[in-house]
Each structure stands twice: as C-alpha cells, then as structure tokens.
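J.: Dropping the sequence and predicted coords here.
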Amino acid sequence: MNMMLWISASLVLGGFIARTLAVSKETACLRGPRTESWNDILQGSFLIAEVATASVALGLGLLAFTALGSTGLIITILMTPLTLLIGDGLPRAFTRDGLQGDQIFRALGAWTGGAREPDGPAWSRSQMSTLLAKDASEDVGEERQMIRRVFDFADVQVKDVMVPLVDITALREDSSVAQAIRVVKHQGLSRLPIFHERMPNITGMIHAFDLLTAQNQQRVKEIMKPVTFVPDMILANDVLRRMQAEGVNLAVVIDEYGGAIGIVAMEDLLEEVVGEIADEYDRENDPVQVQTNGTCRVRARAEVKELNERFPWRLPEGDYETLGGLLLNHFERVPSVDEICELPYARLRILKTRDRSIEEIEVESKGVET
C-alpha cells in the first residue's frame, strides 16, 4: 500500500513538473518577440502537457485497479480530479502574469527555450528596422515612413537638419527697424537673425511681431533678443529637448571655431519625424514641382534620401545630404546653367545657379528596370 501511494505521488509530481515546464514555456513565448513559428511552439507545448497529464491519469488508474481491485477503482476516481488539479490547474495558476509563482518558473521557461529576459523590450531596434523594410500596403505607407523617421531621428545630427547660412536672410546690427520691416514684408519671414559685421557673427534675433511696437528709426540691435547656440556635431534629438526646456523656437548652429554655419528651427526638427509642416510663412513647402512635360523642377536643397523615397530616380547617396551636394560632388565645381549630369535612372540639368551655389535642377526620369 505504501509503495502504491509512493508511485501515485511520483506520477502526480511528474505530471505537475511536465505541465509546469510546458505552461511556463508558453508564458515565456508570449513575452518574447512574435515570430512566424510562435504558434507552432505554443501548440507543441500544449501537446506535450496534455500527453503528460493523460499518461499520469492512465498510469494511476491501471496501477491502482491491478493492485487493489475495487478499492483501487475508488482511489482512481478520487485521484483523477486531483491529478488534473495538480498537473494542469496549479501550473497555469503559477505561471499567470502578475502572480508571485511566475518568478519561480521563469528559470524553467528560459531552460525550455523561452525568453531569458522577459522584462526587456518585446522588439529590438534591428527587428523593427527589418519589419519596416518589408513590403506593406499603401494604406499604412505613411505611418510606416513616420515610424522609420522616428528610428532615424535618433542618429541625425543637427547639422543635417539646419538651414545653411548661405540660404539665410539676415540684417546687420546697425540696420533700422524700417529696413527690417521691408525685408519681412518682401520675403514673408517670421524671424530675422542679426549679425555683427559678418554673417557668421550672429548676435541676436528679432521676430516680426517685435517690429510692430518698435520705432522706424530704431536700430534692430536695440530690440533684438538673445539666441541659443548649439554645436553642429550634437544630435538633433538633444537640440530638440534643449529648445523645449529653454522655451525657444530657433537656435544658431556653430562650428568648432564658434562661427555660425546655419539656423535650426523647432519646425525643422519636428519635420524630421512627421514630415513637412506648413505654416503661414512657408512660401513653397514642396521642393519639387512636377512639370506638364513629365520632368520635375527641384530645388537644390531637396534631400536626396527624401527624393529617393518619392521618385524612382535612385539617386546615389554619399557624403552629402542634398541634390545640390550630389551635383557639386559629381562636377567637383559649381556647374553652369544647362550643364547635364547623366545618372543610371535620371538625367539632371542645371536650371539656375547663384554665385557659389546651385539653385534649381530639372530632373528627368529614365524609368526603372525591373
């Protein structure tokens, strides 16, 4: 009789352990990253557990009936629900999320192939990048691009987002308020940088609203406000947090020698994540104008990466950000108007230049080979 009870207890304990391993593996899988084989693993866990529980119940019944006859039948009737409770119910209860027993079987889950760090992120950055690279329907294309921009934003430096100094309209410190008003009205600007003698020596900023209460004969130096300076090599994400903390909408980007090389606005930083933002001061948000003949008129400041996302031009990427930079890298000089750059999938023709820079380019697609 003692031997029978010992065997019965051993079988029940074996069923409990088998079921616990299966269910804890199920729990670990639920917490790990979803893979294509996840359903197969989960179904296998259930199969192992059910076979183990059924084997225990069958073994108890046969041993008890053989050894004890009718008494064994009574024991079997009593032990069957007990076996199901210990072999199935308790493991599920212990491995439910939120119970203290989950901590006990976490190691068992790891041993059977489950997640070893269940408290970590469900998806790694590389896994998300791989997922975003897969084809998706057009219905989620815009959302997919935004998620990709969020990931890319963590590696973007502020110098990649800023407006270069050559494209900025600014005023000298000794300019009058009347001159500033004319510039704002003519160019539709909301803010004007103020510099001392030379453009790289930016000393302040005036807002269009500041001009409403100023006297025409006043110098802009008298009404300008201080600006925030940020090094060009720091991350755009850090600049965004700093601007939010200081409550400013614009910062001056400086190089290692302290000279200004560009301006970055809060709008520029946010556009890196959400895309183009239109406001009442934007005269031409889209740098690309599609012509009736099928060609595109593109501003030189348009980013190569964004153009490749929108058009089948497959523009080569390199140590430059803009289409103008691509052409300067190609010609190794400032090209003249009507010069042509032949690329495998696009033909670029210079439309407009200014002093030491390119202004506009005509892009003609050659089509994409499939």
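T.: Good, I have the coordinates.
J.: so who does Val334 touch?
T.: Remark: with contacts taken as Cβ atoms under 8 Å, 6 or more residues apart in numbering, Val334 is in contact with Leu328, Thr353, Arg356, Ser357, Ile358. Yep, even glycine has a C-beta here, placed from its N, CA and C like the rest.
J.: Lowest-confidence entry in those residues?
T.: The member of these with the lowest pLDDT is Arg356, at 80.
J.: ok, now how distant is the nearest residue in space to Arg219 that is not next to it in sequence from Met199?
T.: Taking Cβ to Cβ, 6 or more residues apart in numbering, and ignoring the residues beside it in sequence, Arg219 has Asp174 as its nearest neighbour in space, at 5.7 Å. With distances taken as Cβ to Cβ, to the nearest Å, Asp174 is found 15 Å from Met199.
J.: swap in Glu272?
T.: Separation of Glu272 from Met199 (Cβ to Cβ) stands at 25 Å.
J.: ok, now Ile206?
T.: From Ile206 over to Met199 (counting by Cβ to Cβ), the distance is 16 Å.
J.: just the strands in this structure please.
T.: Under the criterion DSSP state E, the chain contains strands at 163-164, 171-172, 191-195, 202-207, 228-231, 250-254, 260-265, 288-290, 296-299, 340-342, 346-354, 357-365.
J.: how about those strands in JSON lines, adding mean neighbour count and distance to Val220?
T.: Rendered in JSON lines, the data for the strands of the chain read as follows (neighbours: other Cβ atoms under 10 Å; distance: least, Cβ to Cβ, whole Å):
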{"stretch": "strand 163-164", "mean neighbour count": "14", "distance to Val220": "20"}
{"stretch": "strand 171-172", "mean neighbour count": "17", "distance to Val220": "6"}
{"stretch": "strand 191-195", "mean neighbour count": "21", "distance to Val220": "5"}
{"stretch": "strand 202-207", "mean neighbour count": "20", "distance to Val220": "6"}
{"stretch": "strand 228-231", "mean neighbour count": "16", "distance to Val220": "19"}
{"stretch": "strand 250-254", "mean neighbour count": "22", "distance to Val220": "16"}
{"stretch": "strand 260-265", "mean neighbour count": "21", "distance to Val220": "16"}
{"stretch": "strand 288-290", "mean neighbour count": "13", "distance to Val220": "34"}
{"stretch": "strand 296-299", "mean neighbour count": "20", "distance to Val220": "29"}
{"stretch": "strand 340-342", "mean neighbour count": "12", "distance to Val220": "41"}
{"stretch": "strand 346-354", "mean neighbour count": "17", "distance to Val220": "25"}
{"stretch": "strand 357-365", "mean neighbour count": "19", "distance to Val220": "26"}
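J.: just so I know, which of those strands lies nearest Gln145?
T.: Minimum separation from Gln145 across those (Cβ to Cβ) falls at strand 288-290, 16.3 Å.
J.: Return the residues in contact with Ser357.
T.: Each residue near Ser357 by Cβ under 8 Å, 6+ apart is listed here: Val166, Ala300, Gly324, Val334.
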